[in-house]
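>>> A predicted structure for the sequence below; I have some questions about it.
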Amino acid sequence: RGLGDVYKRQPLPSRHLSAAVTAPPRCRHNTLLQRYFQKNGIVFLRLCTRQRHLITFSDKHAQHCPTQCCTFQILFVILQANYQKNKRKLMEKIQMTTPLVEMDGDEMTRILWKMIKDELILPFVDLKTEYYDLGLPYRDQTNDQVTIDSAEAAKKYGVAVKCATITPNAQRMDEYKLHKLWKSPNGTIRSIMDGTVFRAPITIPSIHPCVKNWEKPITIARHAYGDVYKSVEIRADEPGVAKVVFEGKSGKKQEVEIHNFDGAGVIQGMHNTDKSIRSFAHSCFKFAIDTKQDLWFATKDTISKTYDAQFRKIFEEVYESDYKEKFAELGIEYFYTLIDDAVARVIRSKGGFIWACKNYDGDVMSDMLSTAFGSLAMMTSVLVSPDGKYEYEAAHGTVTRHYYRYLKGEDTSTNPMATIFAWSGALRKRGELDGNKALQQFGDQLEAACFDTLNDGIATKDLVNLMEGVEAKAVNSAGFIAAIRERLEKRLA
């Protein structure tokens, strides 16, 4: 109470004044306390404001106290203890022992990447990373070797965080003056690390799914190896015969005619391996057990009687031999169906299960699910390798349209949620593997600060029109990240 007038003139977070403002209102020394804090307290209050609360207490405050009443002594001790506690929190960054593998990216997501690091990570964490620039110009400069090096680094250190990157097409080749059409960096990384990509929507109470009967999130388990992402292609520019030929090391040879062209056309060859499919199956069944959710798996083996049929066969073998009893014990279910039937079932479902898909199917369906649950920018994505290596990323692209506007100096409201959650997930996993609880907790608090911001109605434009039950306010990307930082600081105080 004695600090009331001062507090109004120099507003500060209440944590610094809680002890003072709870001074007994009828204390016989209240006037002396008021005069003392107005005389001495206003000095440190001003320093607090200007120096972010990093002020210095000295013994002279106690020695020259105008009264030795117990109230003041208690107040001083509490204030000093609170100050020292807050000072340590503000000055001491969370330490890391093992670096993250940081994979930078392209266009608007590269801009957001730096903003997130500068505003939400570096002020609080003594960040250690092994940095790889996966921006398209540098990939072209290194003949894509940087992508391979980053994947090997992820295998070495165990946890990576990746920004969205461009997979170039003919238009991008001209735009960036590329030497060649480089393959998808995600495809390259996933081929090296193997494993499964798990994608789940980020949900909040004020945004309801487009499918009204969805009550729980649906997780996509996407096979991360092979298929079209490791395919080879030929442009047939004249009549001729296309064949698939396999020459075994034993000398056995298999040859199948694909098509007898009577004119120009295109040819594509895909592959997968039993080892990778089996790893995919194990990852899916383990994730289902860990999360206690049903597991659905779908392909098109009625058409692809060898390729897709092998996926189904391996999944059934793995389930029967290793997981059937555990699934029964937990009361969860595994079943297989055709991909078109699975789509219909998903739409009619209430959600709350894992949908395992082949590589391309998972790519497409994860975008459909994220949009139906709210936004492409509201989807987490993590690649989990069979030997327990992790790569966290956003599930969306580089937001090219916003980037072109940004280059013109126009304001953009790009949703950074998925990229923030890539960072929070990677930091939390790094903390978990290193036994670093502070780092784990920071990942949790960063995500909680994001939810606090959205629940307060502050959001980027893609979400504002979807929000119900709150007074939504659209802000630009910088404003959204600033709002998250404000709430993060409160949580960490």
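Happy to help now that I have it.

>>> OK, contacts around L178?
L136, D140, P168, R172 (C-beta atoms under 8 Å, 6 or more residues apart in numbering). For every residue, glycine as well, the C-beta is placed using N, CA and C.

>>> Which of those fall within helices?
Under the assignment DSSP state H, the contacts of L178 contribute L136, D140, R172 to helices.

>>> Around the last one, count how many other residues there are.
So that's R172. The number of residues packed near R172 is 16, by other C-beta atoms under 10 Å.

>>> For the closest residue to it other than its chain neighbours, give me its contacts.
Computed as C-beta to C-beta, 6 or more residues apart in numbering, the closest residue to R172 that is not its neighbour in sequence is I166, at 6.1 Å. Listed by C-beta under 8 Å, 6+ apart, the contact partners of I166 are G105, D106, E107, L136, R172, T398.

>>> Would you list the phi and psi of I166?
Dihedral pair for I166: phi -90, psi 130, per degrees, to the nearest 10.

>>> Same check on G263?
phi -160, psi -170.

>>> separation between the closest residue to it other than its chain neighbours and I258?
The shortest distance from G263 to any non-neighbouring residue, by C-beta to C-beta, 6+ apart, is to P239 (6.0 Å). With distances taken as C-beta to C-beta, to the nearest Å, P239 is found 14 Å from I258.

>>> and the helix or strand containing Q268, what does it pack onto?
For Q268, the host element (DSSP states H and E) is strand 265-269. Here strand 265-269 touches strand 232-236, strand 253-261, going by 3 or more C-beta pairs under 8 Å, 6 or more residues apart in numbering; DSSP states H and E.

>>> Which parts of the stretch 301-450 of the chain are strands?
Ranges of strands in the stretch 301-450 of the chain, per DSSP state E, counting those that start in this stretch, are 334-338, 353-357, 379-384, 390-394.

>>> The first one vs strand 353-357, what angle?
Taking axes from the mean of the first three to the mean of the last three C-alpha atoms, to 10 degrees, one finds that strand 334-338 is oriented at 50 degrees with respect to strand 353-357.

>>> Direction included, what does strand 334-338 pair up with?
Applying DSSP bridges, strand 334-338 is found paired with strand 294-299 (parallel).

>>> Show residues contacting the partner strand.
So strand 294-299 is in contact with 221, 284-285, 288, 308-309, 311-312, 315, 332-339, 341-342, 345, 352-358, 361, going by C-beta under 8 Å, 6+ apart.

>>> and the gap between the residue nearest to G263 and K490?
Distance from P239 to K490, by C-beta to C-beta: 71 Å.

>>> Equivalent analysis for V343, please.
Per C-beta to C-beta, V343 is found 43 Å from K490.

>>> before we move on, what about F285?
41 Å.

>>> Same check on P137?
From P137 over to K490 (counting by C-beta to C-beta), the distance is 40 Å.

>>> and what of I339?
For I339 relative to K490 (C-beta to C-beta), the value is 46 Å.

>>> out of those two, which sits in the more crowded spot?
I339 (18 against 13).

>>> So the more buried one is in contact with G362, correct?
No: using C-beta atoms under 8 Å, I339 is not in contact with G362; the gap is 10.7 Å.

>>> If we ignore the residues flanking it in sequence, what's nearest N213?
K350 (5.7 Å).

>>> residues touching the one you found, list them.
Contacts of K350 by C-beta under 8 Å, 6+ apart are N213, W214, E215, K216.

>>> T412 is in contact with A478, isn't it?
No: in this structure, T412 is not within contact of A478 by C-beta under 8 Å, at 9.0 Å.

>>> From F421, how far out is S375?
S375 is 13 Å from F421, by C-beta to C-beta.

>>> I meant G397, not that one.
G397 is 16 Å from F421, by C-beta to C-beta.

>>> now P209
Counting by C-beta to C-beta, the gap from P209 to F421 is 18 Å.

>>> go on, V241?
Taken as C-beta to C-beta, the span from V241 to F421 is 50 Å.

>>> Looking at the two, which has the bigger crowd around it?
F421 (26 against 10).

>>> which residue packs closest to that one, ignoring adjacent ones?
Here the residue nearest F421, using C-beta to C-beta, 6+ apart, is T380, at 5.0 Å.

>>> List the contacts of the residue most central in space within the chain.
By C-alpha atoms, centre = their mean, the chain has its centre lying nearest to A422, at 2.1 Å. Contacts for A422 (C-beta under 8 Å, 6+ apart) come out as V161, K162, T380, S381, Y392, E393, A394.

>>> how does it look with 6 Å?
Residues in contact with A422 (C-beta atoms under 6 Å, 6 or more residues apart in numbering) are V161, Y392, E393, A394.

>>> Equivalent analysis for G240, please.
G240 sits in contact with F261, where contact means C-beta under 6 Å, 6+ apart.

>>> returning to what we had before: for G388, see how far away the residue nearest to the centre of the chain is.
The value you get for A422 to G388, if C-beta to C-beta is used, is 18 Å.

>>> ok so, going back, for K408, state which of the ones in helices among the contacts of L178 is nearest.
Nearest to K408 among the ones in helices among the contacts of L178 is R172, at 19.3 Å by C-beta to C-beta.

>>> Could you check how far that closest one is from D322?
44 Å.

>>> just the strands in the stretch 151-300 of the chain please.
In the stretch 151-300 of the chain, the strands defined using DSSP E, counting those that start in this stretch lie at 159-162, 196-201, 219-223, 232-236, 240-247, 253-261, 265-269, 294-299.

>>> Let me know which of the ones you listed is tucked in deepest.
Stretch with highest mean neighbour count among those: strand 159-162 (a mean of 28; mean count of other C-beta atoms under 10 Å).
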